[in-house]
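Asks: One predicted model, sequence on top.
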Amino acid sequence: CGGCTGTGDVEMVRRARLLQPRMQPDAQPAVNGPRGPLPWGQITFAHTSDTHGWLEGHVKEANYGADWGDYVSFIRHMRYKARSLGVDFLVVDSGDLHDGAGITDATAKLPGGVNGQVGLPIYKNLDYDLLTIGNHELYVADITYDVFENFAKSYGSKYLTSNVQIRDPKDNKFKYIGKQYKYFTTYYGIRIMAFGVLFDFTGNANNSKITKASDMVQEQWFVDAINTPEPVDLFLVLGHNPARMSGTTFPVIREAIRKVHPTTPIQFFGGHTHTRDFKAYDNSSTALEPGRYCETLGWLAMSGIKAGKGNHTPSGVPNPTRPAINGTVGAEMKYDRRYIDWNRHSFDYHSDNVKTFDTPRGNATSQKIWEERHNLNLTNLYGCAPQTYCLSCAPQNSSLSIYPLVQKALAATVINPDRATIPRMIYVNTGGFRFDLVKGPFTYDDSFIVAPFRNLFRYIPNVPYEYVKDLINTLNAGPHQKRDTERFHETFLPRTVDSCPLDGMDFNRQFTKRRVFTRRQVAATPGYTTNDDFGTDGDDTPHSAIPYYDTTNDVVSQANFPADGSNPKVVDVVFYDFIQSYVISGLAKAGGKYTLADVAPYMPESFTSNDFLPAYAKLAWGKDC
Ligand SMILES: Nc1nc2c(ncn2[C@@H]2O[C@H](COP(=O)(O)O)[C@@H](O)[C@H]2O)c(=O)[nH]1
Ligand SMILES: [Zn+2]
Ligand SMILES: [Zn+2]
């Protein structure tokens, strides 16, 4: 399309949404559907984590094309269904709401800064029952304060932060950002003690502090909570914390509770690794992880709790039948889990194709998302990516990988005019790239989806090449600069980009919004193929596997090297401020003794790690997508 002018207005957007014709049947995307009805138990949970601001859904991937308004509508239908089945139903989230899409990240670039945050108010349209904090709410002090002041308080006792405190600027005292625990009884009478425990995160800003889980379980308030004289039928432990991968502190919590309650069911709801996972610790304690980026809704059904008046075997739906530890005979607790692809087809199907899927609050939420996207100019077009560049679907040096593009873009745009003729080597961490750069329109929103962080480019001038020639290998042999747990599986899915966005108007989104999916049996599209402690039937929509290749800690781009291929005598060593300590210690290993005093700004503060790909797109890619 050639019409991307970038001059849309909200009224046009609204009219266009109303006027948008229904898709012609043959234009509908091939979305292979859910494997069957969801399991429902005595108590059932809907679980999200690591949504990272993907409130508009995936506008280029129909398979994950639902937005937050669709989720709000879906939960309304699920609450209604739970009551009709006579079972309890809780909606929970394990954190990381920031850093990954424009609607939560773009305001940081505006004069109002984080306080103009528009993403969290949209999240608040969902009536969570319990939620907790992620590490991405703790990197930037202003974001932590916004969560404390404007988000946690709106959820009151439902926002659980058992080991995370903030220094309140009002009195300079450390206070828990949410509540340390919540003791409550469900509608059908299950008495629950709930906690919210972040992994032992150390990268937080200086206005917050995290208590290690091993210390927290010894604190008097925790000992009192697990020894409460009140009856507890079920412990719930939310946590931005892996279910099984290295770095998890769930086992510490479980051990502390088990010392006092050897058999009481404990249910963990984890996150952070961005993977779909289900881990069984013992026959009455398990952990679920629900993926990331509004690609997955985690679903857990459990029965066998000796309490309450809830229906242990609701009729007309699959019941949980499996003991946590496969093969156990006579286990009282029974479980089942599902990973639901985040699209309207799945939500509509599991709402029993209810006559009117969109609820008023769901619609209003969707409308708000699209207005804020317009207000933030998120669909402004930088250029048309000629192909998809993926994070991990191909070897890092492959033409399908994003990293050769990153190297080219850094060399072409990270140029200090006063030092343009000096050879330079630019180091960036791969953990700063969060999602594939998809073929087609590369927009302002995409700049946050791919590289949301706003790291400064700093440098050490005139470093002898002998200190630098092996620096990348030293960095990549060094400690993890990415997440504290193993890498998660990125996806590289076929995208349907059937139009280019006009400012504030994303026709593709309209199609997704209005699509009425028919359950056409199509070959399994590439997607998640999860193998957890219950095996490989957890993915609600079966997919074919996607290749996965791990990445190194860092990549380096070099520019202005001698044309004859010889090595320069000295180079400017340029890097993200996020990895400067690793770079300084890497140079030291080669004999280059540098300190922070030798580090200076290489680019202006207005040109950050979020800006170099848009700059390259404008340089290198046309606008006729
Ligand atoms: N370049 C930057 N990378 C960052 C920054 N903050 C975090 N990160 C990367 O993200 C992971 C953690 O992500 P999560 O979703 O798993 O919690 C971390 O390990 C880094 O690799 C940043 O400011 N700049
Ligand atoms: Zn995350
Ligand atoms: Zn995280």
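Replies: Arrived safely. Ligands and ions are numbered 1, 2, ... in the order given.

Asks: Show me which residues of the stretch 1-150 of the chain sit near ligand 2.
Replies: Asp50, Asp96 (Cβ under 5 Å from the ion). Any C-beta I mention is one placed from the backbone N, CA and C, and that applies to glycine too.

Asks: Show me where the stretch 1-150 of the chain has its helices.
Replies: Taking DSSP state H, counting those that start in this stretch as the criterion, the stretch 1-150 of the chain carries its helices at 10-19, 68-85, 102-105, 119-123, 141-146.

Asks: Pipe these into a markdown table and attach mean neighbour count per row.
Replies: Output for the helices of the stretch 1-150 of the chain, formatted as a markdown table (neighbours: other Cβ atoms under 10 Å):
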| stretch | mean neighbour count |
| --- | --- |
| helix 10-19 | 13 |
| helix 68-85 | 21 |
| helix 102-105 | 27 |
| helix 119-123 | 21 |
| helix 141-146 | 20 |
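
Asks: okay, these in a markdown table with distance to Gln558 and mean pLDDT next?
Replies: Formatted as a markdown table, those follow (distance: least, Cβ to Cβ, whole Å; pLDDT from 0 to 100):
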| stretch | distance to Gln558 | mean pLDDT |
| --- | --- | --- |
| helix 10-19 | 44 | 35 |
| helix 68-85 | 42 | 97 |
| helix 102-105 | 29 | 92 |
| helix 119-123 | 37 | 93 |
| helix 141-146 | 34 | 93 |
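
Asks: out of those helices, nearest to Ile305?
Replies: Taking Cβ to Cβ, helix 68-85 is the member of those nearest to Ile305, at 15.3 Å.

Asks: mind checking how far that closest one is from the chain centre?
Replies: Centre-to-centre, helix 68-85 and its host chain are 22 Å apart (Cα atoms, centre = their mean, to the nearest Å).

Asks: cool, and stretch 45-58?
Replies: 7 Å.

Asks: right, quick check: it against ligand 3, any contact?
Replies: No: Stretch 45-58 lies out of reach of ligand 3 by Cβ under 5 Å from the ion, never closer than 6.0 Å.

Asks: That stretch - what's its average pLDDT?
Replies: In this model, stretch 45-58 has an average pLDDT of 97.

Asks: in it, what's buried?
Replies: For stretch 45-58, burial by neighbour count (16 or more other Cβ atoms under 10 Å) applies to 45-58.

Asks: Once you drop chain neighbours, what's closest to Gly383?
Replies: Trp621 (3.0 Å; Cβ to Cβ, 6 or more residues apart in numbering).

Asks: I'd say the one you found and Tyr389 touch.
Replies: No: taking contacts as Cβ atoms under 8 Å, Trp621 lies outside contact range of Tyr389: 11.8 Å.

Asks: Output the helices of the stretch 1-150 of the chain in JSON lines; the columns should cover distance to ligand 3.
Replies: Formatted as JSON lines, these follow (distance: least, Cβ to the ion, whole Å):
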{"stretch": "helix 10-19", "distance to ligand 3": "33"}
{"stretch": "helix 68-85", "distance to ligand 3": "19"}
{"stretch": "helix 102-105", "distance to ligand 3": "14"}
{"stretch": "helix 119-123", "distance to ligand 3": "16"}
{"stretch": "helix 141-146", "distance to ligand 3": "13"}
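
Asks: quick one on the thing from earlier: out of Trp621 and Tyr389, which sits in the busier spot?
Replies: Using other Cβ atoms under 10 Å, the more surrounded residue of Trp621 and Tyr389 is Tyr389, with 25 against 17.

Asks: Any idea what the more buried one is bridged to?
Replies: Beta-bridge partners for Tyr389, by DSSP bridges, are Leu437.

Asks: ok, it - contacts?
Replies: Leu400, Ser401, Ile402, Leu405, Asp436, Leu437 (Cβ atoms under 8 Å, 6 or more residues apart in numbering).

Asks: right, and out of the residues you listed, which lies closest to ligand 1?
Replies: The nearest member of the contacts of Tyr389 to ligand 1, counting by Cβ to the nearest ligand atom, is Ile402 at 13.8 Å.

Asks: my read: Leu471 touches Gly586, true?
Replies: Yes: counting by Cβ under 8 Å, Gly586 is a contact partner of Leu471 at 5.0 Å.

Asks: before we move on, which element is the closest residue to ligand 1 within the stretch 201-350 of the chain in?
Replies: Nearest to ligand 1, among the residues of the stretch 201-350 of the chain, is His272, at 5.4 Å (Cβ to the nearest ligand atom). Assigned by DSSP states H and E, His272 belongs to neither a helix nor a strand.

Asks: Give me the neighbour count for the residue lying closest to it once chain neighbours are set aside.
Replies: Leaving out its chain neighbours, the residue that sits closest to His272 by Cβ to Cβ, 6+ apart is His240, at 5.1 Å. Residues lying near His240 (other Cβ under 10 Å) number 28.

Asks: do the one 10 residues further on as well
Replies: Phe250 has 24 neighbours, counted by other Cβ under 10 Å.

Asks: Contact partners for it?
Replies: So Phe250 contacts Val197, Val237, Gly239, Asn241, Pro242, Ala243, Phe268, Gly270, Tyr281, Ala287 (Cβ under 8 Å, 6+ apart).

Asks: Kindly reformat the residues you listed as JSON lines containing distance to ligand 3.
Replies: Converted to JSON lines, the contacts of Phe250 look like this (distance: Cβ to the ion, whole Å):
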{"residue": "Val197", "distance to ligand 3": "13"}
{"residue": "Val237", "distance to ligand 3": "17"}
{"residue": "Gly239", "distance to ligand 3": "11"}
{"residue": "Asn241", "distance to ligand 3": "9"}
{"residue": "Pro242", "distance to ligand 3": "10"}
{"residue": "Ala243", "distance to ligand 3": "13"}
{"residue": "Phe268", "distance to ligand 3": "16"}
{"residue": "Gly270", "distance to ligand 3": "10"}
{"residue": "Tyr281", "distance to ligand 3": "21"}
{"residue": "Ala287", "distance to ligand 3": "16"}
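
Asks: got a winner among those residues for most neighbours?
Replies: Asn241 (34 neighbours).

Asks: Surely that residue forms part of a helix?
Replies: No: under DSSP: H, G, I helix; E, B strand; the rest coil, Asn241 sits outside any helix and is assigned coil.

Asks: quick revisit: how near is the residue nearest to Gly383 to ligand 2?
Replies: When distance is defined by Cβ to the ion, to the nearest Å, Trp621 is 29 Å away from ligand 2.
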